[in-house]
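1. return a 3D structure for these sequence lines:
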Amino acid sequence: MRLKSKDNNKYNDSVWVKFSGARYQGAGVYPLNSTQNLLVNLATDAAASSLNGWGWANGAYWLVQPTTVIFPQGGMQTIRIQVREDGVELDQIVLSPKTYLTRAPGSPGGDGTFVPKP
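-> Below is the predicted model:
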């Protein structure tokens, strides 16, 4: 996800994410009908020195949670993204089974990368 923290403030830098059919090691994770969420946070350190305009993130640095999930069922999937109590902006989401599986399309801060639609 490409996010931007309002005023580059660490209290404005995150979203909750849920999926309709995501799995991790065979078990369902972050389902739509639960209180379980994937936390995506743009700050990469406790001081939030990484916050600088737009940046790419896929989890939260201080949490041990699976951020790479699979969708074993074909067809349409639903993703629910909920801005937390803060003022984060979101402008691009990239789902990638290969190209961006282990690396983001751009940097975590000061980024101008837009991934074109296939």
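
2. show me the strands in this structure, by range?
-> 2-5, 14-19, 23-24, 27-28, 38-41, 54-56, 79-83, 88-92 (DSSP state E).

3. state the mean pLDDT of the last one.
-> Meaning strand 88-92. In this model, strand 88-92 has a mean pLDDT of 93.

4. also the third one?
-> Within the predicted structure, the mean pLDDT of strand 23-24 is 95.

5. rewinding a little: rebuild the strands of the chain as a markdown table, extending it with distance to Val64.
-> C-beta coordinates here come from the backbone N, C-alpha and C atoms, glycine included. As requested, the strands of the chain are exported to a markdown table (distance: least, C-beta to C-beta, whole Å):
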| stretch | distance to Val64 |
| --- | --- |
| strand 2-5 | 21 |
| strand 14-19 | 16 |
| strand 23-24 | 12 |
| strand 27-28 | 16 |
| strand 38-41 | 11 |
| strand 54-56 | 20 |
| strand 79-83 | 21 |
| strand 88-92 | 22 |
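
6. a markdown table please, covering the ones you listed and showing mean neighbour count and distance to Ala47.
-> Converted to a markdown table, those look like this (neighbours: other C-beta atoms under 10 Å; distance: least, C-beta to C-beta, whole Å):
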| stretch | mean neighbour count | distance to Ala47 |
| --- | --- | --- |
| strand 2-5 | 24 | 13 |
| strand 14-19 | 19 | 16 |
| strand 23-24 | 16 | 30 |
| strand 27-28 | 12 | 35 |
| strand 38-41 | 21 | 14 |
| strand 54-56 | 23 | 15 |
| strand 79-83 | 13 | 23 |
| strand 88-92 | 15 | 18 |
